[in-house]
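S.K.: Mind looking at a prediction? Sequence and model below.
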Amino acid sequence: MPDYTHAPEPLGVPTRRAALRLLDAVLRRGESLESALPAATRAIHGPDRGLAHAIAAETLRRLPDLDAMIDSVTKTNLPDDAKARMALRIALVQVLILGTPSHAAISTVLPLVDGGPRKLVHGVFGTLFRANMLLPEVPTLPAPVELRWEAAWGEEMVDAAGRAIAQVPPLDLTIADPAETEGWREKLGGESFMPGHLRLGDHDSVPDMAGFGDGAWWVQDIAASLPARLLGKGEGHVLDLCAAPGGKTLQLAAAGWTVTSVDNSQSRIKRLRENLYRTHLKAEVVNADILEWAPAEPADAILIDAPCSATGIFRRHPDVLHRVRPSIIAETAALQARIFARAADWVKPGGTLVYATCSLEPSEGEAQLDAFLAARSDYTIAPIDPSELPAGITPTEAGTIRTLPGMLADQGGCDGFFITRLKRS
(Lines give C-alpha, C1' and ligand atoms only; values in the text may rest on other atoms or scores of the structure.)
Protein backbone atom coordinates (compact mmCIF):
# COMPACT_ATOMS: atom_id res chain seq x y z
CA MET A 1 0.00 0.00 0.00
CA PRO A 2 1.46 3.44 -0.89
CA ASP A 3 2.88 5.55 1.95
CA TYR A 4 1.21 8.95 1.94
CA THR A 5 2.62 10.14 5.28
CA HIS A 6 5.28 12.20 3.54
CA ALA A 7 3.32 13.25 0.47
CA PRO A 8 4.40 16.67 -0.82
CA GLU A 9 2.22 19.61 0.13
CA PRO A 10 0.12 21.35 -2.55
CA LEU A 11 1.88 23.91 -4.72
CA GLY A 12 2.52 27.15 -2.84
CA VAL A 13 1.89 25.79 0.66
CA PRO A 14 5.58 25.17 1.58
CA THR A 15 6.33 28.83 0.82
CA ARG A 16 3.51 30.03 3.09
CA ARG A 17 4.59 27.57 5.77
CA ALA A 18 8.09 29.06 5.59
CA ALA A 19 6.60 32.55 5.97
CA LEU A 20 4.72 31.28 9.03
CA ARG A 21 7.98 29.98 10.52
CA LEU A 22 9.61 33.36 9.92
CA LEU A 23 6.80 35.23 11.64
CA ASP A 24 6.86 32.82 14.56
CA ALA A 25 10.62 33.28 14.93
CA VAL A 26 10.28 37.08 15.06
CA LEU A 27 7.09 37.47 17.09
CA ARG A 28 7.43 34.59 19.54
CA ARG A 29 11.17 34.02 19.86
CA GLY A 30 12.48 37.52 19.21
CA GLU A 31 14.82 36.51 16.37
CA SER A 32 15.67 38.84 13.52
CA LEU A 33 14.10 38.10 10.17
CA GLU A 34 17.50 37.66 8.52
CA SER A 35 18.88 35.30 11.16
CA ALA A 36 15.71 33.15 11.03
CA LEU A 37 15.68 32.94 7.23
CA PRO A 38 18.06 29.97 6.63
CA ALA A 39 16.29 27.56 8.99
CA ALA A 40 12.76 28.71 8.14
CA THR A 41 13.27 28.36 4.38
CA ARG A 42 15.50 25.27 4.24
CA ALA A 43 12.77 23.26 2.47
CA ILE A 44 12.32 25.77 -0.38
CA HIS A 45 14.67 27.39 -2.86
CA GLY A 46 15.17 30.28 -5.27
CA PRO A 47 12.19 32.56 -5.90
CA ASP A 48 10.10 30.70 -3.30
CA ARG A 49 12.56 31.70 -0.60
CA GLY A 50 12.31 35.33 -1.70
CA LEU A 51 8.51 35.14 -1.68
CA ALA A 52 8.44 33.69 1.85
CA HIS A 53 10.66 36.55 3.02
CA ALA A 54 8.48 39.11 1.25
CA ILE A 55 5.29 37.73 2.80
CA ALA A 56 6.79 37.81 6.29
CA ALA A 57 8.34 41.25 5.89
CA GLU A 58 5.17 42.84 4.50
CA THR A 59 3.13 41.22 7.27
CA LEU A 60 5.45 42.79 9.86
CA ARG A 61 5.18 46.18 8.15
CA ARG A 62 1.39 46.09 8.41
CA LEU A 63 0.80 43.92 11.46
CA PRO A 64 -1.27 46.32 13.63
CA ASP A 65 -3.58 47.16 10.71
CA LEU A 66 -3.94 43.53 9.63
CA ASP A 67 -4.89 42.58 13.17
CA ALA A 68 -7.39 45.43 13.39
CA MET A 69 -9.07 44.14 10.22
CA ILE A 70 -9.25 40.59 11.58
CA ASP A 71 -10.59 41.73 14.95
CA SER A 72 -13.29 43.85 13.29
CA VAL A 73 -15.17 40.77 12.06
CA THR A 74 -14.61 38.23 14.87
CA LYS A 75 -16.84 38.01 17.97
CA THR A 76 -13.83 37.39 20.22
CA ASN A 77 -10.26 38.28 19.39
CA LEU A 78 -8.04 35.41 18.31
CA PRO A 79 -4.88 34.90 20.41
CA ASP A 80 -1.89 36.77 18.98
CA ASP A 81 0.04 33.56 18.33
CA ALA A 82 -2.91 31.45 17.15
CA LYS A 83 -2.31 29.74 13.81
CA ALA A 84 -5.70 31.00 12.65
CA ARG A 85 -4.57 34.61 13.15
CA MET A 86 -1.21 33.90 11.53
CA ALA A 87 -2.88 32.29 8.52
CA LEU A 88 -5.24 35.24 8.11
CA ARG A 89 -2.38 37.73 8.34
CA ILE A 90 -0.50 35.86 5.61
CA ALA A 91 -3.56 35.56 3.37
CA LEU A 92 -4.58 39.20 3.74
CA VAL A 93 -1.13 40.67 3.13
CA GLN A 94 -0.81 38.65 -0.07
CA VAL A 95 -4.06 40.03 -1.48
CA LEU A 96 -3.77 43.61 -0.18
CA ILE A 97 -0.03 44.22 -0.66
CA LEU A 98 1.49 41.57 -2.92
CA GLY A 99 -1.35 41.28 -5.43
CA THR A 100 -1.96 37.54 -5.01
CA PRO A 101 -5.39 36.39 -6.29
CA SER A 102 -7.75 35.82 -3.36
CA HIS A 103 -8.40 32.15 -4.17
CA ALA A 104 -4.67 31.41 -4.20
CA ALA A 105 -4.08 33.37 -1.00
CA ILE A 106 -6.69 31.50 1.03
CA SER A 107 -6.14 28.02 -0.44
CA THR A 108 -2.41 28.11 0.37
CA VAL A 109 -2.87 29.18 4.01
CA LEU A 110 -5.70 26.86 5.09
CA PRO A 111 -3.28 23.89 5.39
CA LEU A 112 -1.27 25.98 7.87
CA VAL A 113 -4.08 25.74 10.41
CA ASP A 114 -3.33 22.01 10.75
CA GLY A 115 -6.67 20.66 11.93
CA GLY A 116 -7.70 23.93 13.55
CA PRO A 117 -10.63 26.22 12.74
CA ARG A 118 -10.35 26.25 8.95
CA LYS A 119 -13.99 27.29 8.61
CA LEU A 120 -13.31 30.32 10.82
CA VAL A 121 -10.29 31.33 8.76
CA HIS A 122 -12.18 30.89 5.50
CA GLY A 123 -15.19 32.77 6.85
CA VAL A 124 -13.22 35.75 8.22
CA PHE A 125 -11.24 36.03 5.00
CA GLY A 126 -14.40 35.86 2.89
CA THR A 127 -16.17 38.49 5.00
CA LEU A 128 -13.27 40.92 4.69
CA PHE A 129 -12.85 40.26 0.99
CA ARG A 130 -16.55 40.85 0.26
CA ALA A 131 -16.45 44.06 2.28
CA ASN A 132 -13.61 45.26 0.06
CA MET A 133 -11.69 46.45 3.12
CA LEU A 134 -8.44 48.29 2.51
CA LEU A 135 -5.40 48.94 4.63
CA PRO A 136 -4.86 52.57 5.68
CA GLU A 137 -2.58 54.66 3.48
CA VAL A 138 -0.28 55.34 6.45
CA PRO A 139 0.50 52.15 8.39
CA THR A 140 0.00 52.09 12.14
CA LEU A 141 3.14 51.44 14.16
CA PRO A 142 3.08 48.93 17.02
CA ALA A 143 1.65 50.72 20.06
CA PRO A 144 4.80 50.51 22.26
CA VAL A 145 6.95 51.92 19.46
CA GLU A 146 4.48 54.68 18.70
CA LEU A 147 4.33 55.76 22.36
CA ARG A 148 8.12 55.67 22.73
CA TRP A 149 8.87 57.62 19.57
CA GLU A 150 6.10 60.16 20.12
CA ALA A 151 7.53 60.90 23.58
CA ALA A 152 11.03 61.32 22.12
CA TRP A 153 10.34 63.03 18.79
CA GLY A 154 6.69 64.07 18.55
CA GLU A 155 3.64 63.12 16.50
CA GLU A 156 5.08 64.38 13.22
CA MET A 157 7.96 61.90 13.44
CA VAL A 158 5.56 59.01 14.17
CA ASP A 159 3.46 59.92 11.14
CA ALA A 160 6.60 60.14 8.99
CA ALA A 161 7.75 56.74 10.27
CA GLY A 162 4.41 55.23 9.28
CA ARG A 163 4.71 56.69 5.80
CA ALA A 164 8.31 55.50 5.53
CA ILE A 165 7.55 51.89 6.38
CA ALA A 166 4.87 51.75 3.67
CA GLN A 167 7.45 52.43 0.95
CA VAL A 168 10.11 50.16 -0.51
CA PRO A 169 13.40 51.91 0.36
CA PRO A 170 15.54 53.02 -2.60
CA LEU A 171 18.99 51.62 -3.22
CA ASP A 172 21.89 53.89 -2.23
CA LEU A 173 25.39 53.31 -3.56
CA THR A 174 28.68 54.70 -2.29
CA ILE A 175 31.11 55.30 -5.15
CA ALA A 176 34.71 54.33 -4.34
CA ASP A 177 36.08 57.34 -6.23
CA PRO A 178 33.83 60.39 -5.73
CA ALA A 179 35.31 61.96 -8.87
CA GLU A 180 33.54 59.25 -10.90
CA THR A 181 30.08 59.94 -9.47
CA GLU A 182 28.69 61.59 -12.59
CA GLY A 183 30.01 58.82 -14.80
CA TRP A 184 28.24 56.18 -12.74
CA ARG A 185 25.07 58.25 -12.68
CA GLU A 186 25.09 58.22 -16.47
CA LYS A 187 25.66 54.44 -16.54
CA LEU A 188 23.21 53.40 -13.82
CA GLY A 189 20.71 56.28 -13.75
CA GLY A 190 19.33 57.64 -10.50
CA GLU A 191 20.33 60.83 -8.69
CA SER A 192 23.27 61.93 -6.59
CA PHE A 193 22.91 63.86 -3.33
CA MET A 194 26.63 64.51 -2.90
CA PRO A 195 29.93 63.39 -4.45
CA GLY A 196 30.41 59.66 -3.96
CA HIS A 197 26.69 58.94 -3.63
CA LEU A 198 24.10 57.56 -6.04
CA ARG A 199 20.44 56.69 -5.34
CA LEU A 200 18.57 54.27 -7.60
CA GLY A 201 14.88 53.45 -7.82
CA ASP A 202 14.15 50.48 -10.06
CA HIS A 203 17.30 48.45 -10.62
CA ASP A 204 18.64 45.07 -11.65
CA SER A 205 19.88 42.47 -9.23
CA VAL A 206 22.82 44.14 -7.47
CA PRO A 207 25.49 41.56 -8.48
CA ASP A 208 24.40 41.96 -12.13
CA MET A 209 24.79 45.73 -12.19
CA ALA A 210 27.72 47.39 -13.96
CA GLY A 211 30.55 48.16 -11.58
CA PHE A 212 29.68 45.67 -8.87
CA GLY A 213 32.13 42.97 -9.92
CA ASP A 214 34.85 45.56 -10.41
CA GLY A 215 34.32 46.98 -6.91
CA ALA A 216 33.57 50.48 -8.17
CA TRP A 217 30.80 50.92 -5.58
CA TRP A 218 28.97 49.21 -2.74
CA VAL A 219 25.46 49.37 -1.30
CA GLN A 220 25.16 51.76 1.67
CA ASP A 221 22.31 53.97 2.85
CA ILE A 222 23.08 57.69 2.58
CA ALA A 223 22.79 58.10 6.37
CA ALA A 224 25.09 55.13 7.00
CA SER A 225 27.73 56.73 4.76
CA LEU A 226 27.95 59.94 6.82
CA PRO A 227 30.06 58.77 9.82
CA ALA A 228 33.08 57.82 7.69
CA ARG A 229 32.68 60.94 5.55
CA LEU A 230 33.13 63.08 8.67
CA LEU A 231 36.73 61.87 9.01
CA GLY A 232 37.61 63.28 5.58
CA LYS A 233 40.68 62.34 3.57
CA GLY A 234 43.02 59.81 5.11
CA GLU A 235 45.69 61.33 7.32
CA GLY A 236 47.15 58.44 9.25
CA HIS A 237 45.84 55.37 11.03
CA VAL A 238 42.13 54.86 11.80
CA LEU A 239 40.41 52.16 13.84
CA ASP A 240 37.01 51.08 12.52
CA LEU A 241 35.38 49.42 15.51
CA CYS A 242 32.37 47.09 15.21
CA ALA A 243 33.28 47.29 11.53
CA ALA A 244 31.59 44.39 9.72
CA PRO A 245 30.13 43.96 7.15
CA GLY A 246 32.46 46.75 6.11
CA GLY A 247 30.81 49.65 4.32
CA LYS A 248 32.61 52.19 6.50
CA THR A 249 35.89 50.30 6.25
CA LEU A 250 35.64 50.53 2.47
CA GLN A 251 34.96 54.27 2.67
CA LEU A 252 37.94 54.88 4.94
CA ALA A 253 40.30 52.78 2.83
CA ALA A 254 39.12 54.49 -0.36
CA ALA A 255 39.73 57.88 1.30
CA GLY A 256 43.37 56.96 1.91
CA TRP A 257 43.36 55.97 5.57
CA THR A 258 45.44 53.10 6.93
CA VAL A 259 42.60 51.07 8.38
CA THR A 260 42.36 48.49 11.14
CA SER A 261 38.88 46.97 11.23
CA VAL A 262 37.72 45.13 14.34
CA ASP A 263 34.59 43.02 14.80
CA ASN A 264 33.70 40.04 17.00
CA SER A 265 31.46 38.20 14.49
CA GLN A 266 33.23 35.61 12.36
CA SER A 267 30.43 35.46 9.78
CA ARG A 268 30.34 39.24 9.42
CA ILE A 269 34.14 39.39 9.27
CA LYS A 270 33.95 36.94 6.37
CA ARG A 271 31.65 39.34 4.52
CA LEU A 272 34.03 42.22 5.27
CA ARG A 273 36.95 40.32 3.75
CA GLU A 274 34.84 39.47 0.69
CA ASN A 275 33.95 43.15 0.26
CA LEU A 276 37.58 44.20 0.54
CA TYR A 277 38.56 41.61 -2.06
CA ARG A 278 35.84 42.72 -4.48
CA THR A 279 36.68 46.41 -4.17
CA HIS A 280 40.48 45.91 -4.28
CA LEU A 281 40.82 47.92 -1.06
CA LYS A 282 43.09 47.11 1.88
CA ALA A 283 42.56 46.99 5.63
CA GLU A 284 43.93 45.01 8.53
CA VAL A 285 41.03 42.85 9.74
CA VAL A 286 40.86 41.73 13.37
CA ASN A 287 38.28 39.27 14.68
CA ALA A 288 38.06 40.25 18.35
CA ASP A 289 35.83 41.61 21.11
CA ILE A 290 36.86 45.24 21.58
CA LEU A 291 36.03 45.00 25.28
CA GLU A 292 38.98 42.58 25.52
CA TRP A 293 41.16 43.64 22.56
CA ALA A 294 43.37 46.75 22.50
CA PRO A 295 45.52 48.33 19.75
CA ALA A 296 49.29 48.31 20.03
CA GLU A 297 49.35 52.12 19.95
CA PRO A 298 46.91 55.04 19.82
CA ALA A 299 45.29 55.91 16.50
CA ASP A 300 44.89 59.21 14.70
CA ALA A 301 41.14 58.60 14.43
CA ILE A 302 38.51 56.12 15.56
CA LEU A 303 35.10 55.37 14.12
CA ILE A 304 32.69 53.56 16.44
CA ASP A 305 29.58 52.23 14.70
CA ALA A 306 28.30 50.89 17.99
CA PRO A 307 26.08 47.81 18.33
CA CYS A 308 22.55 49.01 18.97
CA SER A 309 18.85 48.19 18.77
CA ALA A 310 18.96 49.05 15.03
CA THR A 311 15.52 50.67 15.20
CA GLY A 312 16.79 53.26 12.71
CA ILE A 313 16.76 50.69 9.89
CA PHE A 314 13.11 49.68 10.40
CA ARG A 315 12.28 50.48 6.77
CA ARG A 316 14.48 47.64 5.56
CA HIS A 317 14.11 45.44 8.64
CA PRO A 318 10.55 45.81 9.96
CA ASP A 319 11.10 43.01 12.46
CA VAL A 320 12.89 45.48 14.78
CA LEU A 321 9.55 47.17 15.47
CA HIS A 322 8.21 43.96 16.98
CA ARG A 323 11.18 42.28 18.66
CA VAL A 324 13.12 45.25 20.13
CA ARG A 325 11.80 45.97 23.60
CA PRO A 326 12.92 48.46 26.27
CA SER A 327 15.03 45.78 27.96
CA ILE A 328 17.02 45.25 24.75
CA ILE A 329 17.48 49.00 24.29
CA ALA A 330 18.75 49.30 27.86
CA GLU A 331 21.18 46.40 27.37
CA THR A 332 22.65 47.83 24.16
CA ALA A 333 22.89 51.30 25.68
CA ALA A 334 24.94 49.91 28.56
CA LEU A 335 27.22 48.08 26.11
CA GLN A 336 27.66 51.24 24.04
CA ALA A 337 28.76 53.21 27.10
CA ARG A 338 31.46 50.63 27.85
CA ILE A 339 32.71 50.63 24.25
CA PHE A 340 32.64 54.44 24.04
CA ALA A 341 34.65 54.86 27.25
CA ARG A 342 37.19 52.15 26.37
CA ALA A 343 37.85 53.28 22.80
CA ALA A 344 38.26 56.93 23.81
CA ASP A 345 41.60 56.07 25.43
CA TRP A 346 42.93 54.83 22.08
CA VAL A 347 42.79 58.22 20.31
CA LYS A 348 45.97 60.30 20.10
CA PRO A 349 45.86 63.79 21.60
CA GLY A 350 44.51 66.04 18.86
CA GLY A 351 42.85 63.06 17.18
CA THR A 352 39.23 62.55 16.17
CA LEU A 353 36.56 60.12 17.34
CA VAL A 354 33.30 59.61 15.45
CA TYR A 355 30.52 57.81 17.33
CA ALA A 356 27.41 56.56 15.51
CA THR A 357 24.39 54.31 16.03
CA CYS A 358 21.64 53.33 13.61
CA SER A 359 19.05 53.82 16.35
CA LEU A 360 16.07 56.11 16.85
CA GLU A 361 16.33 55.79 20.63
CA PRO A 362 17.79 58.84 22.47
CA SER A 363 19.35 56.54 25.07
CA GLU A 364 21.53 55.11 22.30
CA GLY A 365 22.52 58.50 20.91
CA GLU A 366 22.08 61.86 22.60
CA ALA A 367 22.16 60.40 26.12
CA GLN A 368 25.35 58.49 25.33
CA LEU A 369 27.07 61.68 24.21
CA ASP A 370 25.92 63.67 27.24
CA ALA A 371 27.17 61.01 29.66
CA PHE A 372 30.48 60.67 27.81
CA LEU A 373 31.22 64.40 27.77
CA ALA A 374 30.32 64.67 31.46
CA ALA A 375 32.95 62.03 32.22
CA ARG A 376 35.66 63.11 29.74
CA SER A 377 36.85 66.70 29.91
CA ASP A 378 39.53 65.90 27.32
CA TYR A 379 36.89 65.57 24.58
CA THR A 380 34.76 68.25 22.91
CA ILE A 381 32.31 68.20 20.03
CA ALA A 382 33.83 69.06 16.65
CA PRO A 383 30.70 70.62 15.12
CA ILE A 384 29.53 69.23 11.80
CA ASP A 385 29.10 71.86 9.10
CA PRO A 386 26.09 71.82 6.76
CA SER A 387 28.52 71.77 3.81
CA GLU A 388 29.58 68.26 4.89
CA LEU A 389 26.04 66.92 4.47
CA PRO A 390 23.58 66.40 1.62
CA ALA A 391 20.76 68.89 1.22
CA GLY A 392 17.87 67.82 3.42
CA ILE A 393 20.04 66.66 6.32
CA THR A 394 21.17 69.42 8.67
CA PRO A 395 23.24 69.37 11.87
CA THR A 396 21.58 69.88 15.24
CA GLU A 397 22.26 73.02 17.28
CA ALA A 398 24.88 71.02 19.17
CA GLY A 399 26.73 70.24 15.94
CA THR A 400 25.74 66.57 15.80
CA ILE A 401 23.58 64.65 13.29
CA ARG A 402 20.19 63.15 14.04
CA THR A 403 18.44 61.68 10.99
CA LEU A 404 14.75 60.99 11.46
CA PRO A 405 11.92 59.59 9.33
CA GLY A 406 10.73 62.43 7.14
CA MET A 407 14.17 63.64 6.15
CA LEU A 408 14.68 63.34 2.38
CA ALA A 409 11.11 62.00 2.28
CA ASP A 410 10.45 63.31 -1.24
CA GLN A 411 13.62 61.59 -2.47
CA GLY A 412 12.97 58.23 -0.75
CA GLY A 413 14.00 58.92 2.84
CA CYS A 414 16.98 57.68 4.84
CA ASP A 415 17.75 55.46 7.79
CA GLY A 416 17.66 56.77 11.36
CA PHE A 417 21.10 57.61 12.79
CA PHE A 418 22.77 59.53 15.57
CA ILE A 419 26.30 60.72 14.76
CA THR A 420 28.76 62.90 16.64
CA ARG A 421 32.35 63.91 15.91
CA LEU A 422 34.67 64.61 18.83
CA LYS A 423 38.19 66.01 19.21
CA ARG A 424 40.60 64.95 21.93
CA SER A 425 42.55 67.80 23.44
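M.R.: All right, it came through fine.

S.K.: List the buried residues in the longest helix along the chain.
M.R.: Longest helix in the chain, counting residues (DSSP state H): helix 326-344. Neighbour-count burial for helix 326-344, counted by 16 or more other C-beta atoms under 10 Å, picks out 328-329, 332-333, 336-337, 339-340, 342-344. C-betas here are computed from N, CA, C, even on glycine.

S.K.: At which residues are the strands of the stretch 201-350 of the chain located?
M.R.: Here the stretch 201-350 of the chain has its strands, by DSSP state E, counting those that start in this stretch, at 217-219, 237-241, 258-263, 284-287, 299-305, 347-357.

S.K.: Tell me which other helices or strands the longest one touches.
M.R.: Of the remaining helices and strands, those touching strand 347-357 by 3 or more C-beta pairs under 8 Å, 6 or more residues apart in numbering; DSSP states H and E are helix 226-229, strand 299-305, helix 326-344, helix 366-375, strand 417-424.

S.K.: picking that back up, mind putting the buried residues of helix 326-344 into TSV with distance to Ala54?
M.R.: As requested, these are exported to TSV (distance: C-beta to C-beta, whole Å):
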residue	distance to Ala54
Ile328	26
Ile329	28
Thr332	28
Ala333	32
Gln336	33
Ala337	38
Ile339	35
Phe340	37
Arg342	41
Ala343	39
Ala344	43
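
S.K.: Against which helices or strands is the helix or strand hosting Leu22 packed?
M.R.: For Leu22, the element it lies in under DSSP states H and E is helix 13-27. Here helix 13-27 touches helix 33-40, helix 47-61, helix 83-96, helix 320-323, going by 3+ C-beta pairs under 8 Å, 6+ apart.

S.K.: what's the angle between that helix and helix 33-40?
M.R.: If you take axes from the mean of the first three to the mean of the last three C-alpha atoms, to 10 degrees, helix 13-27 sits at 140 degrees to helix 33-40.

S.K.: Out of the helices and strands packed on helix 13-27, the one nearest Arg185 is which?
M.R.: For the helices and strands packed on helix 13-27, proximity to Arg185 was assessed by C-beta to C-beta; helix 47-61 is nearest, at 28.3 Å.

S.K.: Tell me which of the strands of the stretch 201-350 of the chain sits most buried.
M.R.: Among the strands of the stretch 201-350 of the chain, ranked by average contacts under mean count of other C-beta atoms under 10 Å, first place goes to strand 237-241 (a mean of 27).

S.K.: Who are the packing partners of it?
M.R.: Packing contacts for strand 237-241, counted by 3+ C-beta pairs under 8 Å, 6+ apart, involve helix 247-254, strand 258-263, strand 299-305, helix 326-344.

S.K.: Which strands border the shortest one, and is each parallel or antiparallel?
M.R.: So that's strand 258-263. Sheet pairing of strand 258-263 (DSSP bridges) gives strand 237-241 (parallel), strand 284-287 (parallel).

S.K.: try the third one
M.R.: Partners of strand 299-305 in the sheet, by DSSP bridges, are strand 237-241 (parallel), strand 347-357 (parallel).
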